[in-house]
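Colleague: Structure for the following, please:
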Amino acid sequence: MRRTVHPIETESYRIMRSRADFDRFEPLTRAVVERVVHTTADPSWTGEVVADEAALRQGRDALLAGAPLITDVRMAASGITAREVRVGLDFPGVADAAASEELTRSAAGMRLAAAEHPRGAVWAIGNAPTALTELLRLAENGELEPALIVGVPVGFVGAVDSKAALRRSGLPAVSTLTERGGAAIAAAAINALLYWAEPGGNR
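Modeller: Next comes the predicted model:
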């Protein structure tokens with residue numbers, strides 16, 4: 001996906017690369033890590049992001065082929081402007097499903113979204129650990145086959161455990177190691193995949 005890069009962004013990347021070593025990462029992983037560091041202006045994220053190159057390739061191919069892209073919250077969707085995004089919380093019937101199934105609204109949104117898009121979608125979870133946990137439950141039960149899960153929920157309750165469970169699941173995924181994460185991180189990872197250019201470019 002071609003785009004015009006603003007000179008400020010070019011200079012930001014130059015400064016960023018002078019302060020952190022990105023050469024150890026494979027190309028798509030580097031693109032994701034760099035985009036996260038650029039988004040946060042925090043080089044410590046180089047030790048936080050966990051990604052598999054093949055999974056990123058699969059997710060990118062799915063996005064470029066027009067696969068559904070679903071986020072847990074609107075804030076994550078608002079950070080992705082290069083293509084259409086659906087938000088789990090906006091699926092019809094979320095409130096009723098949450099009440100009847102004793103789920104959080106975020107988890108209910110994922111359940112409804114997965115029922116509509118059970119195969120081949122890309123999922124970006126940046127807010128609610130319960131949303132990620134629900135996706136993992138659906139996948140374990142054979143109800144979901146994602147092209148990629150960007151699982152980076154933030155918080156002190158459930159976030160670390162849900163991301164560790166994502167890594168154990170064997171699903172194609174991007175995650176973070178600690179409580180850190182968030183909608184901006186989820187959007188940054190997706191944007192990195194959308195903006196990356198063959199054969200070795202990253203923006």
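
Colleague: Val32 - how many residues pack around it?
Modeller: 28 (other CB atoms under 10 Å). From N, CA and C alone the C-beta is placed, and that goes for glycine too.

Colleague: again with the one 5 residues further on
Modeller: The local packing of Val37 (other CB under 10 Å) involves 24 other residues.

Colleague: quick one: it from Pro43, how far?
Modeller: Per CB to CB, to the nearest Å, Val37 is found 6 Å from Pro43.

Colleague: Need the overlap of contacts for these two.
Modeller: Between them, Val37 and Pro43 share these contacting residues under CB atoms under 8 Å, 6 or more residues apart in numbering: Met16, Ala20.

Colleague: what are the ranges of the strands in this protein?
Modeller: Using DSSP state E, the strands of the chain run over 49-51, 69-71, 86-87, 122-125, 148-151, 173-176.

Colleague: Counting neighbours, what do you get for Thr13?
Modeller: Actually, residue 13 is Tyr. It isn't Thr. So Tyr13, with other CB under 10 Å, has 18 neighbours.

Colleague: Could you report the pLDDT at the residue sitting furthest away from the middle of the chain?
Modeller: What lies farthest from the middle of the chain is Ser100; by CA atoms, centre = their mean that is 28.2 Å. Looking at Ser100, its pLDDT reads 93.

Colleague: just to revisit the earlier point, so which of the strands of the chain gets nearest Val160?
Modeller: Judged by CB to CB, the one of the strands of the chain that comes nearest to Val160 is strand 173-176, at 9.0 Å.

Colleague: what is the rounded mean pLDDT of that closest one?
Modeller: Average pLDDT, strand 173-176: 98.

Colleague: same check, this time on stretch 188-201
Modeller: Mean predicted confidence for stretch 188-201 is 82.

Colleague: gap between it and the chain center?
Modeller: Its chain's C-alpha centre and that of stretch 188-201 lie 13 Å apart, by CA atoms, centre = their mean, to the nearest Å.
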